[in-house]
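Chemist: Below are the sequence and a predicted model for it; my questions follow.
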Amino acid sequence: MLQKITNLTDKQKVNWVRIIAILGVLILMVYAPKLWISTKVFPVIPLFNWLPIPLAPYDTVLAIFFFILQIVYIFQNKRWQGWLIILLYLYLALVDQNRLQPYFYQSFLTIFAIEIFRKKAFSPKVLYAVILIFFATYFWSGIQKVNEDFYIQWLSALNKHFSCVDSSANALICLPQWFLEIFTYAVPWLEALMGVLLLFNKTRKIGVLFILSMHGIITFLLFYLGYGYNVVPWNIQNMLSVVIIFWSLKTAYPLEFFLKYLNKQKIAVLVFTIFLPLANSLTGFYDSLLSFHFFTADLNYYNVVLDEELEEKLPEHIKSFYRYHNGKAYLNMNEWAQYDNKVLFYPEERIIKYTDAYLRSFADNPNKEGLTELVVYNHDYKK
């Protein structure tokens, strides 16, 4: 079975990765259908206010068309279909930025890397462009985990599920504390190393095995812990893709993926996989999740604390998400987002500011001071 999967031509590899990327999107669209329509409880958050937002029933028609187009694209594989899918996703993501989730972004960036070349382009050129996306996924995701927030939250999670020091904890397995601490600090570098191992012929299969192990463990833990199911298709998608692409791949030199077949299409892919993530890492320019900033623990997630006036003014469908602390009502943005969208709140400052303004708009005087307070709740240990 492994031999059949890995002994593919470059053209066949590109085609299978294309199909797997689209299948991942389709599965997640079925899992989170309301994410793709505008008429729902959670507010739609456009990047630009002048963008036309499709309303019912046109939002549903557009979402169904987008879904069916991807199914057709799996079987027909026409270049115009691929470009239309990319443009539709770009429009839908600009209309509602919560659709810019890492699994959707990686899939559509993969389709972009394929369709940016001519239909009859030399297959290795296309494959090398796609490979850059997978290198960036693991390398940057590891590098951007090198932060205090990740170390604290990761070690806390490990202690909860893999340490027996606290007898009240329901540990899956007992591991020594020194191992948990060393492993915590090693995780970012191990993940970045996975991307680097893919560059070399002698280490490529080791890198693939590391990646398979990581995704396999994550998938098992998601089912064991009983949450995060929306990430499962993405993990399986990457497991299949890295085996298909890398297991039998041979290159002449380590930097071949970056330097060979260098043309304007390759440069365009390098911008998204190298330059923009680097800009995010150094300056904060460009969105974090679009820079492969995956599960790094340092992004901000908010509670919006409401004063009594606004608490009374908000619509009933929002009031149903109220939680209380010290007698004050607040909204947990992730909880609210997940109810309809089935995804986390998109963690950029402009998104929480837009939502804050939306909530304040229900007050008699939206500009009144103290109507809301934005509280980052996932970094409580810093207080």
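Modeler: Yep, it's here.
Chemist: mind checking the SS state of Val375?
Modeler: strand (DSSP: H, G, I helix; E, B strand; the rest coil).
Chemist: hang on, it packs against Tyr301?
Modeler: No. Val375 lies out of contact with Tyr301 (CB atoms under 8 Å); the separation is 10.0 Å. (Glycine included, C-beta is placed from N, CA and C.)
Chemist: in the chain, which ranges drop under the pLDDT threshold?
Modeler: Along the chain, segments meeting pLDDT under 70 span 1-4, 6, 166-170, 380-383.
Chemist: Please, where are all the strands along it?
Modeler: Along the chain, counting by DSSP state E, strands occupy 302-306, 323-325, 328-332, 372-376.
Chemist: Mind checking these for the one nearest to Thr203?
Modeler: Between Thr203 and the strands of the chain, the shortest separation by CB to CB is 39.5 Å, and it involves strand 372-376.
Chemist: Only C-alpha atoms, please: export the closest one in CSV.
Modeler: Provided in CSV are the C-alpha atoms of strand 372-376 (Å, rounded to 0.1, in the frame of the first residue of the first chain):
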residue,chain,number,x,y,z
THR,A,372,-17.1,47.5,27.7
GLU,A,373,-13.8,46.2,28.9
LEU,A,374,-11.6,43.9,26.8
VAL,A,375,-9.9,41.3,29.0
VAL,A,376,-7.3,38.8,27.6
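Chemist: can you list the residues that contact it?
Modeler: Strand 372-376 is contacted by residues 300-307, 310, 330, 352, 356, 359-360 when judged by CB atoms under 8 Å, 6 or more residues apart in numbering.
Chemist: Would you tell me which one of the strands of the chain is buried the most?
Modeler: Sort the strands of the chain by mean neighbour count, taking mean count of other CB atoms under 10 Å, and strand 302-306 sits at the top with a mean of 21.
Chemist: Now do that strand: everything it contacts.
Modeler: Taking contacts as CB under 8 Å, 6+ apart, the residues outside strand 302-306 that touch it are 314, 322-323, 325, 328-333, 345, 352, 355-356, 359, 371-377.
Chemist: my guess is Ala337 contacts Asn98, does it?
Modeler: Yes. The pair Ala337 / Asn98 is scored as a contact, 6.5 Å apart, by CB under 8 Å.
Chemist: neighbours around Leu310, how many?
Modeler: 21 (other CB atoms under 10 Å).
Chemist: Repeat that for the one 4 residues further on.
Modeler: Around Leu314 there are 17 other residues, counting by other CB under 10 Å.
Chemist: which non-adjacent residue is nearest it?
Modeler: Spatial nearest neighbour of Leu314, excluding adjacent residues (CB to CB, 6 or more residues apart in numbering): Phe362 at 5.3 Å.
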